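# show me how the following folds:
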Amino acid sequence: MTSFIKPHRLARIAAVGAVALLALTACSSGGGSTEPASDELAGLTGEVGSKDFAEQYILAHMTTELLNHHGADLTANTDLVGSTNVRQALENGQFIGYWEYTGTSWITYLGNTEPVKGTEEQFEAVKEADAENGIAWLDPADFNNTYAFAIRADKAEELGVTSLSDIASLPEEEQTFCIESEFSTRDDGWPGLSEAYGIDVPESNVVMLDTGVIYTATADGADCNFGEVFQTDGRIPALDLVVLEDDQEFFPAYQGAFTMQQSILDEYPEVADVLAELTPLLTTEVMQELNQRVDVDGEEPRDVAVEFLTENGLL
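Residues are numbered from 1 along each chain as shown. A predicted model of the protein is given here:
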C-alpha cells in the first residue's frame, strides 16, 4: 500500500533536515565539536597550525580537539605549505603552536650543521636554544619521524639484514637504492650515509625517484632493494616494508613535540598538563598506523584524530 505525507509534514521534515545539516557542517569546519569537560583553558583562542602532510594534519586536529575539550576555543589551520612558513606563522603570532621535529628545528631554523647524538640530548639542546626565541617545547612524544631505509620484509629475511651496517657486506648487485634528489646531495643524506656505513657502489645502483614513488618501488623490488623513507610513514606497514636500524645513529633525531609561544604558555600553563595526557600514547608504531589510515585508506585526518582521542578516553 502506498502512503502519502501531507505537505506540512514534508516542510517540517525538510526544516529538521536542514538544521541537522547545518550542525554537521559546523562540527566539521572549525575547532572542537565536543562539549568541554572542564574550563581550565577558557579564554585560550586562536589557531593550531600544521605542515602539509598527513601526520601533521592528524596532530593538529588532535591538539585542537583535546585543548577545546578543556575549555579552549581553537581551530586547526592546515592550509600552509612548507616548514619555514609554518615556523614563521608561530613566530609572528598567527599560530599559538604546532607540532615540530627536533632535527628540523636544530638544523633548518637554528642553523646548526651537525645533529646532537642521542634523542633526549637533541631535544634538550633544541629546547634550550629555542627558549631564546620565545618558543617553548613541551614534553616530546615517543615517535621519531627521521630518515630511514626500508626493505620489503621477505627480502630482508632472505638477505639477513636488520641494520644499515649489514648492507656493505652484501654482494654489489644486491646493494641497490632508491632515494629522492634532495637526499642525494645533503650532508645528512646519501653522501654522508654511504661514507659512514662503507657503502661503495656504482652510480647505476642508485635510482632517484619522487618521495611517494620510493615506497612502491621498494615494495616492488625491481629498481631497488633499499628505499629512503620517513620512519612514521603509514606506507611502511601497508606495503610490508621493514625499517633497518640506524645502528651508528647517523641520521638526526626528528622527535615530535608541540611547540608554542612562550608567552601563551605562561598565561595558560595548563596546556602542558593537558597535552601530557596525549604525548605518551604517540609512538612511532601508532603514528604509522594513523598515517596509514589517511595516506593509504583515505580517511579524513580530523576523523582519525577524534576517533583516537575517544578510544583512549581523552574526549
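# ramachandran coordinates for residue 44?
When read as degrees, to the nearest 10, the backbone of residue 44 gives phi -80, psi 110.
# from residue 86, how far off is the nearest residue to it once chain neighbours are set aside?
Excluding its sequence neighbours, the residue lying closest to residue 44 (Cβ to Cβ, 6 or more residues apart in numbering) is residue 72, at 4.0 Å. Just so you know, the C-beta spots here come from the backbone N, C-alpha and C atoms, and that holds for glycine as well. Here residue 72 is placed at a distance of 20 Å from residue 86 (Cβ to Cβ, to the nearest Å).
# neighbour count winner among those two?
residue 72 (28 against 23; other Cβ atoms under 10 Å).
# my guess is that one contacts residue 40. True?
No - using Cβ atoms under 8 Å, residue 72 makes no contact with residue 40, being 9.2 Å away.
# nearest spatial neighbour of the residue nearest the centre of the chain, chain-adjacent residues omitted?
Centroid-nearest residue in the chain, with Cα atoms, centre = their mean: residue 55, separated by 3.1 Å. Among residues not flanking residue 55 along the chain, residue 291 sits closest, at 5.3 Å (Cβ to Cβ, 6+ apart).
# contact partners for the one you found?
Applying Cβ atoms under 8 Å, 6 or more residues apart in numbering, one finds that residue 291 lies in contact with 54, 55, 58, 232, 233, 234.
# send the alpha carbons of the helix or strand containing residue 129 over as CSV?
Residue 129 belongs to helix 119-131 when assigned by DSSP states H and E. Extracted C-alpha coordinates of helix 119-131, given in CSV (Å, rounded to 0.1, in the frame of the first residue of the first chain):
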residue,chain,number,x,y,z
THR,A,119,67.3,11.6,21.1
GLU,A,120,67.0,13.1,24.6
GLU,A,121,70.2,15.1,24.2
GLN,A,122,68.9,16.5,20.9
PHE,A,123,65.6,17.5,22.4
GLU,A,124,67.2,19.3,25.3
ALA,A,125,69.6,21.2,23.0
VAL,A,126,66.7,22.4,20.8
LYS,A,127,64.5,23.3,23.8
GLU,A,128,67.3,25.4,25.3
ALA,A,129,68.2,27.1,22.1
ASP,A,130,64.6,27.9,21.1
ALA,A,131,63.9,29.4,24.5
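# adjust the sequence numbering to begin at 59 for everything that follows.
New numbering, starting at 59: the last item is helix 177-189.
# which parts of that helix are buried?
Applying a neighbour-count criterion of 16 or more other Cβ atoms under 10 Å, one finds 177, 180, 181, 183, 184, 185, 187, 188 buried in helix 177-189.
# so the fifth one touches residue 195, yeah?
Think residue 184. Yes - between residue 184 and residue 195 there is a contact under Cβ under 8 Å: 6.4 Å.
# which stretches in the stretch 159-308 of the chain count as helices?
Using DSSP state H, counting those that start in this stretch, the helices of the stretch 159-308 of the chain run over residues 160-162, 177-189, 211-217, 248-254, 269-278, 293-296.
# and residue 116, how far from residue 268?
Computed as Cβ to Cβ, the residue 116 to residue 268 distance reads 23 Å.
# an error on my part: the question was meant for residue 151.
35 Å.
# again with residue 351
Separation of residue 351 from residue 268 (Cβ to Cβ) stands at 22 Å.
# neighbour count: these two, which is higher?
Set residue 351 next to residue 268 and count neighbours by other Cβ under 10 Å: residue 351 wins out with 20 against 9.
# and the closest residue to residue 166 other than its chain neighbours, how many neighbours?
Excluding its sequence neighbours, the residue lying closest to residue 166 (Cβ to Cβ, 6+ apart) is residue 141, at 6.4 Å. For residue 141, the number of neighbouring residues by other Cβ under 10 Å comes to 17.
# from memory residue 141 sits against residue 109, does it?
Yes - Residue 141 is within contact range of residue 109, at 5.8 Å (criterion: Cβ under 8 Å).
# dump the residue contacts of residue 255.
Per Cβ under 8 Å, 6+ apart, neighbours of residue 255: 222, 223, 225, 226, 306, 308.
# which of those residues count as buried?
Burial by neighbour count, 16+ other Cβ under 10 Å: within the contacts of residue 255 this picks out 222, 223, 225, 308.
# export the residues you listed to a markdown table and append columns for distance to residue 164 and pLDDT.
A markdown table is the format used below for the buried ones among the contacts of residue 255 (distance: Cβ to Cβ, whole Å; pLDDT from 0 to 100):
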| residue | distance to residue 164 | pLDDT |
| --- | --- | --- |
| 222 | 22 | 98 |
| 223 | 25 | 98 |
| 225 | 27 | 98 |
| 308 | 15 | 90 |
